[in-house]
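everything below, folded, please.
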Amino acid sequence: MAPLDNPPNPAGLATAELAIADSPSPSRTSLSHTSHIVGTVKGPGEDGNQYVFITADKRQVKFGEYVYYSLTQSFSPGRPIEKRNILGKISGLTLIEHLPDRLFADTETSPELIAALVGFTHANPEIYEVTVDVVGYFDPNLGFLNLRKAPDPGAKVYIAEDAMLQRILNKKQWGEIGSAQIGSLLLREQDAVQVTLDVKELVSTHMAILAGTGSGKSYTAGVLIEELLAPYNRAAVLIFDPHGEYKTLEDLRGHPAFQGDDGYAPKVQILTPDDIRIRISSLDYYDILTLLPMTSDRQQAILSKAFAILKKHKRGGGDYRWDVQDLIAAVYQADTSVDEEGNEKKGSSAEALEWKLGQMERSPYFHAMEHLTPPGLLQPGQVTVLQMSEISQEEQQVICAAILRQTYHARLNTQKENIGPEDENYLPYPVFVLLEEAHRFAPAHEPARCKQVLRTILGEGRKFGMGMGLITQRPGKIDSDVLSQCMSQFLMRIVNPVDQESLKHGVEAAGRDLLQELPSLTKGQVIVSGACINTPVLCQVRQRLTTHGGTTLNAPELWMSHFSAHRQAARAVKAAPLAGRKQARTHRGVSIE
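So this is what the prediction gives:
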C-alpha cells in the first residue's frame with residue numbers, strides 16, 4: 001500500500017513516474033517482473049482477437065497474466081515505421097505434451113526420477129499451449145488500440161514488466177491531482193503494480209460497486225472516500241448510509257496522512273437521524289403520496305388538485321414556503337364543489353386526507369422551515385455521512401429523493417447562472433454522492449420514489465458536475481437503466497446466478513473472461529473496469545487508513561462472553577431477592593428488643 005503523503009508538484013511527479021517506469025527503483029527490484037521471453041507464437045486463436053503461443057515455463061504462465069509481443073510497422077497512414085509492444089492477457093492454458101501417464105501411476109516413485117533413468121532429462125518436460133486475448137498497443141492520447149491482426153508464427157512472447165504495466169494500465173499515476181490509488185495488480189507482488197484511477201472520469205461518468213455480502217464492498221468504498229478526501233483531490237462528498245457503516249470516517253480528522261502542505265485537512269460531518277430535516281415545501285406530489293398510507297384514487301385526485309392550488313401561490317412570486325396545514329387547507333378547497341344553486345358542497349375525502357397528513361406532520365424529519373441545504377451538506381474537502389438506520393423505508397426514499405433532486409437543481413441553476421451566492425442553493429463546485437443499498441432506492445421491477453430522480457441525475461448530471469456512486473449486493477435487483485449509466489464498475493465476489501447473469505448484460509466493459517472470475521474472487525479482490533482505467537484489471541484493494549465500520553458481529557464470541565464470571569455474578573446479584581427487615585418481637589404491643 002502506498003502511503004498517502006502530501007502530493008508533489010504535478011508536473012514534477014509526472015516526470016518522476018516516467019523515470020520509475022523506465023528504471024524501477026532499487027527498493028522494488030526484488031518485486032519487479034523483468035522483461036524476458038516466455039514462449040513462441042504458434043499461430044492465431046479461435047477468433048481474430050486471439051493468438052496461441054507455446055511454452056515450457058509454467059511458473060510464469062497464469063490465467064489473467066499480461067504478456068506482449070513486439071511489432072514493427074507503420075501504425076497509421078503517413079506515419080514512419082516504428083516498434084510497438086502489443087499487450088495481451090492469458091485466457092487459456094492447455095497441456096499438450098508431458099511425461100507418459102504410466103510414470104504418474106506409481107505413487108512411490110518420482111516421475112522425474114524414472115524419466116531420468118530412461119534418458120529424459122529436460123528440466124521442464126511439460127509443454128503448454130497458451131491462448132492470449134489481445135488488448136492492443138497503448139497510445140497516450142487514444143488509449144489501447146487493437147490491430148485485430150495475429151502475430152506471425154515464431155514471434156517471441158514476453159512477460160510484461162511491472163513498470164510497463166504501471167505506466168499503461170492507469171490513466172493517472174499515484175499522487176497526481178485527480179488520482180486515486182485503490183490497490184495493486186492481483187497477479188503481481190503486493191504494490192509492485194499500483195492500480196490508480198482517474199477521479200475525473202470516476203465521478204463525472206458515475207460508478208457502481210457490485211458485490212455479494214461479505215465481499216468487501218463497503219471497505220472498498222471506504223478506500224475510495226479516503227482517496228477523494230486526500231490532499232490531491234479534496235472532493236465534496238455526500239454518503240447516504242442506511243446501516244451506519246461510515247461513522248468511522250471520523251478518523252480522517254487530524255490524520256497525518258490527509259494533511260496538506262497548505263494547511264488542508266479534510267472535514268467530516270456525521271448527521272444522525274435526529275439531525276435530518278427536510279422542508280415540507282421542497283417535497284412534490286409524489287413525495288407526499290409515498291408518505292401517506294393507502295390512498296384511494298379519489299384521494300389522490302384531490303391531493304393533486306391541492307398541489308395545483310399551492311403552485312398558484314408560488315407563481316405569485318418568489319419561493320413560496322408552505323407547511324402541512326397549508327396543504328390541508330388546499331385539500332379542503334380542492335374537495336369543495338358548488339351545486340347548481342350556488343351552494344358549496346364538501347366532499348368526504350378531505351377529512352381522510354387531513355388525518356393522514358396529520359400523521360406525516362408528526363414525523364420528526366419533515367419540517368415547515370428547517371432544512372438541509374445542498375451547500376450545508378456538500379463542501380470541497382468535506383465528507384458528509386447521512387445516517388438513516390432508524391428511519392422507515394418510505395421516509396428514506398423521500399429524504400433521499402428530496403436531497404438528490406435539490407442538489408441536482410442547485411448544480412444546474414448555479415452552472416446556468418440562474419442563481420447567485422445569495423441563494424441558499426448556490427453550489428459553485430462539482431459534487432459526488434454515494435448511495436449504499438442502491439437496489440432499495442432503484443429496484444428493477446417495483447415503483448420507488450428515488451428511481452426517476454436517479455435516472456435523471458445519471459443521464460444529465462455529468463453536464464452539471466454531479467456524480468453518483470451506487471453500491472449494491474444485489475445487482476440483479478437494481479433497475480437496468482440506472483445501472484447501465486454507471487461508466488466505471490467495481491465488481492467483487494458474486495455467487496448468485498441471477499446477479500451474475502445481470503452483469504453480463506449491464507456491465508459490458510469488464511469482459512466475459514473477467515466476469516467468469518466473480519465466484520472465485522476472495523474478500524478484497526475486485527475487478528475494476530470502465531472509464532476510470534485504461535483496461536479492466538483484477539486488483540487487490542489496499543488497506544484502509546481509517547477504521548472499517550462494516551464488520552460482522554462475532555456471534556460465538558458474544559455468546560461465550562455471556563457466561564463470563566463477572567457477567568454471571570452481575571446477573572446473580574440482579575436476580576437475588578431483597579433482604580426483608582426482621583420483624584421486632586413484642587409483648588402486649590410493646591417491643592421487647
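
could you chop the chain up by domain?
35-160, 179-273+375-418+427-541, 281-361 (automatic domain parsing).

show me how far the first one is from its chain's centre.
For domain 35-160, the distance between its averaged C-alpha position and the chain's averaged C-alpha position is 35 Å (CA atoms, centre = their mean, to the nearest Å).

same check on the longest one?
Between the mean C-alpha location of domain 179-273+375-418+427-541 and the chain-wide mean there is a distance of 3 Å, by CA atoms, centre = their mean.

could you list the low-pLDDT ranges of the stretch 201-350 of the chain?
Residue ranges of the stretch 201-350 of the chain with pLDDT under 70: 314-319.

one more: the chain?
In the chain (pLDDT under 70), the answer is 1-35, 99-106, 111-112, 114-123, 314-319, 504-514, 550-553, 579-584, 587-593.

look through it and tell me its longest helix.
Identified as the longest helix of the chain according to DSSP state H is helix 393-415.

show me the contact partners of the very next helix or strand once past it.
For helix 393-415, the following helix or strand on the C-terminal side (DSSP states H and E) is strand 431-435. Outside strand 431-435, the residues that touch it by CB atoms under 8 Å, 6 or more residues apart in numbering are 203, 221, 225, 228, 235-240, 374, 378, 400, 404, 407, 411, 441, 454, 465-471. For every residue, glycine as well, the C-beta is placed using N, CA and C.

one more time with 6 Å
203, 235-240, 378, 466-470 (CB atoms under 6 Å, 6 or more residues apart in numbering).

what pairs with it, and is each one parallel or antiparallel?
strand 236-241 (parallel), strand 466-472 (parallel) (DSSP bridges).

which one of these lies nearest to Phe138?
Distance to Phe138, taken as CB to CB, is lowest for strand 466-472 among the strands paired with strand 431-435, at 26.4 Å.

and Tyr429, how many residues sit next to it?
14 (other CB atoms under 10 Å).

just give the nearest non-adjacent residue to it, would you?
Pro380 (5.6 Å; CB to CB, 6 or more residues apart in numbering).

cool, and Gln73?
Nearest to Gln73 is Ile81, by CB to CB, 6+ apart, at 6.0 Å.

next one: Lys346
Thr336 (5.4 Å).

neighbours around that neighbour, how many?
12.

I'd say it and Glu344 touch.
Yes. Between Thr336 and Glu344 there is a contact under CB atoms under 6 Å: 5.5 Å.

which phi and psi does Leu483 have?
phi -60, psi -40 (degrees, to the nearest 10).

repeat for the one 4 residues further on
Dihedral angles phi and psi of Met487 (degrees, to the nearest 10) take the values phi -90, psi -10.

ok but Leu93 is inside a helix, no?
No. Checked against DSSP: H, G, I helix; E, B strand; the rest coil, Leu93 lies outside a helix; its state is strand.

so how far is Val132 from it?
Using CB to CB, to the nearest Å, Leu93 is found at 10 Å from Val132.

look at these two and report which has more neighbours.
Val132 (28 against 14).

list the contacts for that one?
Tyr51, Gly88, Ile90.

you'd agree the first one is in a helix?
No. With three-state DSSP as the criterion, Tyr51 is strand rather than part of a helix.

contacting residues for it?
Val41, Pro44, Gly45, Val132, Ala150, Pro151.

are any of the residues you listed buried, and which?
Val41, Gly45, Val132, Ala150, Pro151 (16 or more other CB atoms under 10 Å).

roughly how far does the residue lying closest to Ile527 once chain neighbours are set aside sit from Asn170?
The shortest distance from Ile527 to any residue other than its chain neighbours is 4.2 Å, reached at Leu491 (CB to CB, 6+ apart). For Leu491, the distance to Asn170 equals 18 Å [CB to CB].

who's more crowded, these two?
Leu491 (28 against 24).

surely that one is in contact with Gln525?
No. Shown here, Leu491 and Gln525 do not form a contact pair, counting by CB under 6 Å, at 9.8 Å.

count the neighbours of Tyr264 for me.
There are 15 residues near Tyr264, going by other CB under 10 Å.

wasn't it part of a helix?
No. Checked against three-state DSSP, Tyr264 lies outside a helix; its state is coil.

and it, what does it touch?
Here Tyr264 is in contact with Pro231 (CB under 6 Å, 6+ apart).

quick check: it vs Tyr232, distance?
10 Å.

what of Met360?
The value you get for Met360 to Tyr232, if CB to CB is used, is 45 Å.

now swap in Gln166 and tell me
Taking CB to CB, one finds Gln166 at 18 Å from Tyr232.

same check on Thr196?
From Thr196 over to Tyr232 (counting by CB to CB), the distance is 11 Å.

which one's more surrounded, these two?
Neighbours per residue, other CB under 10 Å: of Thr196 and Tyr232, the larger number sits with Thr196, 26 against 23.
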